[in-house]
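Asks: I'd like to go over a predicted model; first the sequence, then the structure.
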Amino acid sequence: MKKIKILASILLSLVSFSSLALNLNDLQGDSKTTYSSPRGVQEVCVVPKKWPGGMYKKEDPAKETTLCSYDFHRNVGICPKYTSTNPAILLLEPTAQYPKEVIDASQCNYKAMDLNNEAKFKQSISCSYTPAILAYYHVSRALGGGGQVPVNVIRTMDIRIHEDLANKAVNHLRDSKDLIKTIWEQFARTHQNPQNYPLLYDSTQTQVYGALIDNIKKEEQYIEVSGTGSYDRRYERFMQQKPFLRLTDAQSVSQSVGTSDFTKVAQIVLQMKDVSDMVILDRILSQQDRIGNIHFKLFWYFVEPGSNTFSRKKSDAKIENGKIIVPPAESQIMAGKQAVLLKEMILKDNDCGVIKTNMMKEVGALEKVRHLSYSTYRHLLRFAQDLNSSAAKDFFKAELLFSENDFAGIFKNTQEVRNILVTKCQQGQLHFDVDLEDYVPGAKPPARSCL
């Protein structure tokens, strides 16, 4: 069933109108870097402008700069991705043993070569849609930063270079029965008639365009949230897992858990915030394929002595046979603190959105939510208001490559989300109790209003 649905998505992604072809001269963003391919094609990397008022992370600009420092032809290895269902080009960090020339000439078994995959270059094919990838980054920041969505930028590649990589993938997968083989074959054929595929190629038909995404490393599957089982019932299964069911509880977190102690409620509270933020983000951006694509990394959260605040610090702990193994030195550092090691959700796979089936809407997930971050709620109200301006539409079209219909869809979805949550708040059916700072000893949550 999943294969049939994705094949249908391939056809949908490849059918469009020539008037939609992207003019690279229209791309300006915050910055624009140009690279020359071996045959003289001027590739570009564009850092889109930031959403006004968005909660961008301190490290976001540096990561954008790093992404646009990658020169496909000089300082990074490039290989086709052979797994999953969405074709992509992997950007691999060269080493003394495996310089760029060796990587590019290899069969691209980068894991056997122990190479770091620094970024992925993805296009609008299969279930993937470039504007969805771009939008997840900026909309997540507009809503307060939930989901730890990876940084991305707009990038192009010489069509002939990409064709060589597509053919390399087709040859490598020639005996495979996996769906990715079919999709790479389809992609390879499009290079012969680029004028027919404006969602893949620019208006000069000399370059492939898409999103270049920072690759998060050493993440773990968040099975506790997704559950396991059939693909067709994945969303219904997700709504039967404890993390989502906690969001539907009429009791407050303190009542249901039986305590407000920071170290005892922190994981439950953070998980509830992560899941509710995800439901909102996916409902706004019409995500079709979230469940099964939810990850986490481990971070220490600890109360700062003598203050009403907490800090977070990345952990080097590993998961082995389902158990968390913390380095002894790390345990010693945290032993004297009011600290707890938490799973922090990461939404790294966001391709299948905007023009796809809105699965969170289909299953009515948001309507069942009764716990929410007040910070997320306030950001949502502002975002919903700001979308009414012509400047907002211009931002989504110029910076995130949205069409008129794309913007109309996100506008409608956002207003629906806003109205659902405001109504629940006004009816007393919404607890704003999943902000961790409210559980720090001595914290005094401010008064909260629905509007």
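Replies: Great, that's in hand.
Asks: what's in contact with the strand or helix carrying residue 154?
Replies: Here residue 154 is covered by strand 152-158, with elements defined by DSSP states H and E. Outside strand 152-158, the residues that touch it by Cβ atoms under 8 Å, 6 or more residues apart in numbering are 24, 27, 29, 37-39, 41, 43-48, 64, 67-68, 72, 89, 121, 130, 133-134, 137, 202, 206-214, 401. C-beta coordinates here come from the backbone N, C-alpha and C atoms, glycine included.
Asks: what's the answer for stretch 368-384, then?
Replies: The contact list for stretch 368-384 (Cβ under 8 Å, 6+ apart) reads 53, 55, 139, 142-144, 146, 239, 244, 246-250, 253, 272-273, 276-277, 279-280, 414-415, 417-418, 421-422, 424-425, 429-435, 445, 448, 451.
Asks: report the buried residues of that stretch.
Replies: 369-377, 379-380, 383-384 (16 or more other Cβ atoms under 10 Å).
Asks: go on, stretch 92-109?
Replies: Here stretch 92-109 shows 92-94, 98, 100, 103-104, 106, 108 as buried, counting by 16+ other Cβ under 10 Å.
Asks: what's the answer for stretch 258-271, then?
Replies: Quick answer for stretch 258-271 (16+ other Cβ under 10 Å): 260, 262, 265-266, 268-271.
Asks: can you pull out the helices in the stretch 101-250 of the chain?
Replies: Under the criterion DSSP state H, counting those that start in this stretch, the stretch 101-250 of the chain contains helices at 130-142, 159-172, 179-190, 223-226, 234-238, 242-247.
Asks: do the stretch 351-451 of the chain as well
Replies: 359-362, 365-368, 374-386, 390-399, 404-426.
Asks: what about the strand holding residue 154, distance to the chain center?
Replies: Remark: strand 152-158 is offset 17 Å from the chain centroid, using Cα atoms, centre = their mean, to the nearest Å.
Asks: with stretch 441-449 instead?
Replies: The answer for stretch 441-449 is 31 Å, by Cα atoms, centre = their mean.
Asks: and if you look at stretch 317-324?
Replies: Distance, centroid of stretch 317-324 to centroid of chain: 24 Å (Cα atoms, centre = their mean).
Asks: pull that stretch out as CSV, backbone CA atoms only.
Replies: Output of stretch 317-324 as CSV, limited to C-alpha atoms (Å, rounded to 0.1, in the frame of the first residue of the first chain):
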residue,chain,number,x,y,z
ALA,A,317,25.3,9.1,26.2
LYS,A,318,24.6,6.2,23.8
ILE,A,319,21.7,3.8,23.4
GLU,A,320,22.8,0.1,23.6
ASN,A,321,20.2,-2.7,23.5
GLY,A,322,17.6,-0.2,24.5
LYS,A,323,19.5,1.0,27.5
ILE,A,324,21.0,4.5,28.0
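Asks: now the strands for the protein?
Replies: For the chain, applying DSSP state E gives strands covering 31-36, 42-47, 77-80, 89-92, 117-122, 152-158, 207-214, 220-221, 295-303, 310-314, 318-320, 323-325, 339-346.
Asks: reformat those strands as JSON lines; add mean pLDDT and distance to residue 354.
Replies: Formatted as JSON lines, the strands of the chain follow (pLDDT from 0 to 100; distance: least, Cβ to Cβ, whole Å):
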{"stretch": "strand 31-36", "mean pLDDT": "98", "distance to residue 354": "24"}
{"stretch": "strand 42-47", "mean pLDDT": "99", "distance to residue 354": "19"}
{"stretch": "strand 77-80", "mean pLDDT": "98", "distance to residue 354": "25"}
{"stretch": "strand 89-92", "mean pLDDT": "99", "distance to residue 354": "22"}
{"stretch": "strand 117-122", "mean pLDDT": "98", "distance to residue 354": "14"}
{"stretch": "strand 152-158", "mean pLDDT": "99", "distance to residue 354": "14"}
{"stretch": "strand 207-214", "mean pLDDT": "99", "distance to residue 354": "12"}
{"stretch": "strand 220-221", "mean pLDDT": "96", "distance to residue 354": "25"}
{"stretch": "strand 295-303", "mean pLDDT": "96", "distance to residue 354": "21"}
{"stretch": "strand 310-314", "mean pLDDT": "94", "distance to residue 354": "31"}
{"stretch": "strand 318-320", "mean pLDDT": "92", "distance to residue 354": "33"}
{"stretch": "strand 323-325", "mean pLDDT": "94", "distance to residue 354": "36"}
{"stretch": "strand 339-346", "mean pLDDT": "97", "distance to residue 354": "20"}
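Asks: quick one: closest of those to residue 179.
Replies: Comparing the strands of the chain by their distance to residue 179 (Cβ to Cβ), the top pick is strand 77-80, with 14.8 Å.
Asks: and that closest one, what does it pack onto?
Replies: With contacts defined as 3 or more Cβ pairs under 8 Å, 6 or more residues apart in numbering; DSSP states H and E, the packing partners of strand 77-80 are strand 89-92, helix 100-105, helix 159-172.
Asks: so for residue 224, which of these sits nearest?
Replies: Distance to residue 224, taken as Cβ to Cβ, is lowest for strand 89-92 among the helices and strands packed on strand 77-80, at 28.5 Å.
Asks: strand partners (parallel or antiparallel) of that closest one?
Replies: strand 77-80 (antiparallel), strand 117-122 (antiparallel) (DSSP bridges).
Asks: these into a markdown table, with extra columns for mean neighbour count?
Replies: Output for the strands paired with strand 89-92, formatted as a markdown table (neighbours: other Cβ atoms under 10 Å):
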| stretch | mean neighbour count |
| --- | --- |
| strand 77-80 | 24 |
| strand 117-122 | 22 |
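Asks: mind putting those into JSON lines with distance to residue 234?
Replies: Output for these, formatted as JSON lines (distance: least, Cβ to Cβ, whole Å):
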{"stretch": "strand 77-80", "distance to residue 234": "27"}
{"stretch": "strand 117-122", "distance to residue 234": "22"}
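Asks: out of those, which gets nearest to residue 185?
Replies: Nearest of the strands paired with strand 89-92 (Cβ to Cβ): strand 77-80, 12.2 Å.
Asks: contacts for that closest one?
Replies: Applying Cβ under 8 Å, 6+ apart, the external contacts of strand 77-80 come out as 72, 87-94, 98, 100, 103-104, 106, 108, 110, 115, 161, 165-166, 168-169, 172, 184.
Asks: need the helices of the stretch 101-250 of the chain in CSV (columns: distance to residue 295).
Replies: CSV is the format used below for those (distance: least, Cβ to Cβ, whole Å):
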stretch, distance to residue 295
helix 130-142, 14
helix 159-172, 25
helix 179-190, 20
helix 223-226, 10
helix 234-238, 14
helix 242-247, 14
